[in-house]
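**Student:** Show me the folded form of this:
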Amino acid sequence: MRMEFVARNPEEALKPRRKMRIKPLRFKPFMPGEAWGDIMEPRPLGGRIRAIRRIISALIWTLIAIPIQAVLMLLPGQAKISFGCFYHRVLCWLIGLKVQVVGKMSDKPATLFLPNHSSWLDILVLGSVLRASFVAKSEVGEWPVVGIIAKLGRTVFVSRKRNSTVLREADTMRERLAAGDSLILFAEGTSNDGTRVLPFRSAFLAAAADAKAVQPISLVYDRLGGLPACRRDRPLFAWYGDMDIASHFWRIARRSGARATVLLHEVADPATIPDRKALTLAVSDVVAAGAAQLRQNRPATPLFLNEAR
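**Tutor:** This is a model prediction of the structure:
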């Protein structure tokens, strides 16, 4: 067998070979449209069927609950508060969101609950645990369906602006506290991406002095798919900025194994705190410290107001 060698010009041999042009990879979304997409990756068909089933079930349960709560609102007693908790508890179950509670809820009347805020899901979670009414921004009362539910839940509507209106709305909160009602107030003033706790605003705690007790609460969504949720998973639960609730609900409903943990810190007497700003700072520190423990998947325990620093 004879091998033939072809002589090449040394200059040509040293020249780098031209690489073949390769077309770039182009990925297309699994389904067109933002509402049908997913922030992580395409989900199987079962995820879409699960979401449709959950959304329809939640709507049917809401349509059943609205007339029941409307009748209970006309009756004296605590039945309307108990049914409100039951409504939120069933709603969490229908959308596949488990709720874990650590700590003991305040049993004192006129308690002001002060949790962190990252999503509209906070309403469902806290509403299923606490026997109290929410303090929400006035725009919520104008939303379709949601506004009706909020009014039936005896929500106190406030404007989130620093002006004289806040003082008048604080009087409304004082009246509710004086009547023995407990309130849930998101003192951050807005929701966020779920990776931190924003500083609490002292203006929102103007009615705290009229409360018999205050209880800080840390709320974190710490499970997804049955596994510990990491920083990458936080945007799935968080609802902030210009997000619309419909597409956000769709993404949540497609997922399974989601869990929220509610850490109820020790109850404090606001009369023992020097002033409103000191109370705001102490509560904000406790809520942030508890949320950090939950986000790091560490065993969390209720804290006192002086233990966060």
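
**Student:** Kindly list the main-chain dihedrals of the residue most central in space within the chain?
**Tutor:** Nearest to the mean C-alpha position of the chain, by Cα atoms, centre = their mean, lies S119 at 3.0 Å. Dihedral pair for S119: phi -160, psi 160, per degrees, to the nearest 10.

**Student:** What helices and strands are in contact with the longest helix seen in the chain?
**Tutor:** In the chain, taking DSSP state H as the definition, the longest helix is helix 45-73. When contacts are defined as 3 or more Cβ pairs under 8 Å, 6 or more residues apart in numbering; DSSP states H and E, helix 45-73 sits against helix 79-94, helix 146-152, helix 245-254. C-beta coordinates here come from the backbone N, C-alpha and C atoms, glycine included.

**Student:** picking up where we left off before, so the closest residue in space to the residue nearest to the centre of the chain that isn't next to it in sequence: helix, strand or coil?
**Tutor:** Computed as Cβ to Cβ, 6 or more residues apart in numbering, the closest residue to S119 that is not its neighbour in sequence is W239, at 4.2 Å. Three-state assignment for W239 (DSSP: H, G, I helix; E, B strand; the rest coil): coil.

**Student:** So for the helix or strand harbouring T172, mean pLDDT?
**Tutor:** Assigned by DSSP states H and E, T172 belongs to helix 164-178. Helix 164-178 carries an average pLDDT of 76.

**Student:** same for the helix or strand following that helix, what does it pack against?
**Tutor:** Sequence order places strand 183-185 as the next helix or strand after helix 164-178, per DSSP H and E. Contact here means 3+ Cβ pairs under 8 Å, 6+ apart; on that basis strand 183-185 packs against strand 111-115, strand 133-137, helix 164-178.

**Student:** how does it look with 10 Å?
**Tutor:** Judged by 3 or more Cβ pairs under 10 Å, 6 or more residues apart in numbering; DSSP states H and E, strand 183-185 is in contact with strand 111-115, helix 121-129, strand 133-137, strand 156-158, helix 164-178, strand 213-224.

**Student:** Can you give the distance from it to the centre of its chain?
**Tutor:** Relative to its chain's centre, strand 183-185 lies at 15 Å (Cα atoms, centre = their mean, to the nearest Å).

**Student:** Give the burial count for the residue nearest to A238 when sequence neighbours are not counted, as a bare number.
**Tutor:** Spatial nearest neighbour of A238, excluding adjacent residues (Cβ to Cβ, 6+ apart): G194 at 3.9 Å. The local packing of G194 (other Cβ atoms under 10 Å) involves 25 other residues.
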